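A.B. asks: Fold the following for me, if possible:
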Amino acid sequence: MARVGLSLLVGAVAALALTACPAERKAMGSGTVKLPVKPALFLRITPDGDASPIVGAFVPDEVPDSEVDETSLARTRCSKFIKPNRIPASGSFKEITVASSGAASKIGVKSIANIDLGGSEAQALLVKYELLEKMSADVDADGLAQCCAAAPDQCTKRYISGAIMADGEYFAATEKATDVGLDATVPVEGVPVTGDVMYQDDLKWQRQAAFKRQYFAFTFARTGGGGLGGGAAKDACAWVNNVPPSPDGQYFVGVSNPMDTEKLAREDAMRDAREQVVKYLGEYLTEAAASRTSTSGKASDLSTMVQDEKIKTNMAQGLARFVKDQQWCGPDAVAAPSGMKNVMKALAFFSNAERKAAGLAAMRALIDTKKAAGENTSALEQMLKDIEAQP
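C.D. replies: Coordinates of the predicted model:
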């Protein structure tokens with residue numbers, strides 16, 4: 001049995017003019033207690049004096065709230081639109097916090113208090129702290145939305161939105177406490193027995209560890225949608241008419257002809273997208289070739305050549321590994337004389353980093369096509385050499 005500070009309780013009863021009861025003890029028991037709270041703070045595994053590396057980092061969608069800590073975070077190229085901002089702060093606080101299994105293990109505690117976080121449970125620790133500084137996220141909303149729309153794989157539904165620095169102590173719930181004859185109107189929560197023990201939420205909390213001038217906890221923000229681009233689009237095919245921009249490359253929308261099966265429609269949509277890339281590369285190759293004196297006279301011919309259907313088809317076939325499907329729309333059913341057909345639309349991405357390699361592959365396909373037709377390709381071969389020599 002553990003006693004609750006008899007003199008403090010008696011004084012509290014007298015001050016409130018209540019009738020004292022003869023029993024002034026708390027009966028302790030074991031077992032897990034689920035706390036009906038919604039905490040905002042999540043403990044770090046490795047507290048330190050600078051939380052800026054984690055503010056703006058994304059939480060992978062597959063990680064449950066109960067297991068969020070800095071080991072699961074990922075900074076992406078869209079994190080640059082979420083910048084940390086230090087803010088002086090002060091105040092004394094006592095707060096229930098979430099400890100992932102990794103954070104609890106690192107602190108070396110086992111709390112019998114749990115918190116339900118949307119279907120997964122985490123340990124609850126009580127933290128008393130003197131707030132020294134806050135770090136909050138300064139978000140470029142437009143830049144972030146554009147980045148996430150252009151590269152959905154670079155964003156998730158949660159990101160680290162802040163952290164707090166403090167001097168403080170961790171407390172773990174070690175036993176359940178039930179009143180034995182104590183008048184129900186006497187506020188026993190928070191009555192300390194010693195500096196190492198306190199009562200709250202009908203639990204006995206024991207001091208486990210202390211920290212000083214550390215960013216010990218963080219908060220995360222939810223976006224409520226499929227990524228940080230403002231939530232899931234009402235029209236899942238909105239990109240068909242509003243092709244997203246990207247700083248890392250180009251998006252192309254391929255549309256299939258009416259096909260007998262969805263599989264064939266998908267293949268045809270990607271063929272259409274690759275042929276658009278051929279046209280785009282024709283412009284790139286024209287500019288690249290025009291910059292070389294030896295081929296400037298023939299550079300303008302490229303734009304015309306890639307309009308030829310046979311040449312375009314052959315060049316597109318060699319670009320399969322460079323043009324990646326990102327999203328799909330459909331299938332849409334359309335009526336045809338031979339029956340119902342399928343139409344698919346593909347959002348395909350072509351990376352700037354592969355532009356030269358893809359351009360050279362397309363150029364070689366062009367030369368092979370011309371040779372097969374019995375045409376002289378010496379000028380084109382010189383263009384190829386000149387472009388290969390460029391950085």
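
A.B. asks: From what I see, residue 165 and residue 218 are in contact.
C.D. replies: No. Counting by C-beta atoms under 8 Å, residue 165 stays clear of residue 218, with 11.0 Å between them. Heads up, the C-betas are built off the backbone N, CA and C, glycines and all.

A.B. asks: any residues in contact with both of the two?
C.D. replies: Residues within reach of residue 165 and of residue 218 at once, by C-beta atoms under 8 Å, 6 or more residues apart in numbering, are residue 51.

A.B. asks: Please verify my assumption that residue 316 contacts residue 270.
C.D. replies: No. Look at residue 316 against residue 270 with C-beta under 8 Å: they stay out of range, at 9.4 Å.

A.B. asks: Name the next helix or strand downstream of the host helix or strand of residue 330, please.
C.D. replies: Using DSSP states H and E, residue 330 falls within strand 323-336. Using DSSP H and E, the helix or strand that follows strand 323-336 in sequence is strand 339-351.

A.B. asks: tell me the mean pLDDT over whatever helix or strand comes next after that next one?
C.D. replies: Per DSSP H and E, strand 339-351 leads on to helix 355-372 as the next helix or strand towards the C-terminus. Summarised as a single mean, pLDDT over helix 355-372 is 83.

A.B. asks: Report the inter-axis angle for helix 355-372 versus strand 323-336.
C.D. replies: For helix 355-372 against strand 323-336, the angle by axes from the mean of the first three to the mean of the last three C-alpha atoms, to 10 degrees is 60 degrees.

A.B. asks: What number of residues are in the vicinity of the closest residue to residue 380 other than its chain neighbours?
C.D. replies: Using C-beta to C-beta, 6 or more residues apart in numbering and skipping the chain neighbours, the partner closest in space to residue 380 is residue 367 (5.1 Å). Applying other C-beta atoms under 10 Å, we find 17 residues neighbouring residue 367.

A.B. asks: what residues are up against residue 367?
C.D. replies: 377, 380, 381, 384.

A.B. asks: how near is it to residue 285?
C.D. replies: Plainly put, residue 367 is 12 Å away from residue 285 if you go by C-beta to C-beta, to the nearest Å.

A.B. asks: So what pairs up with residue 160 in the strands?
C.D. replies: Note on residue 160: beta-bridge partners residue 220, judged by DSSP bridges.
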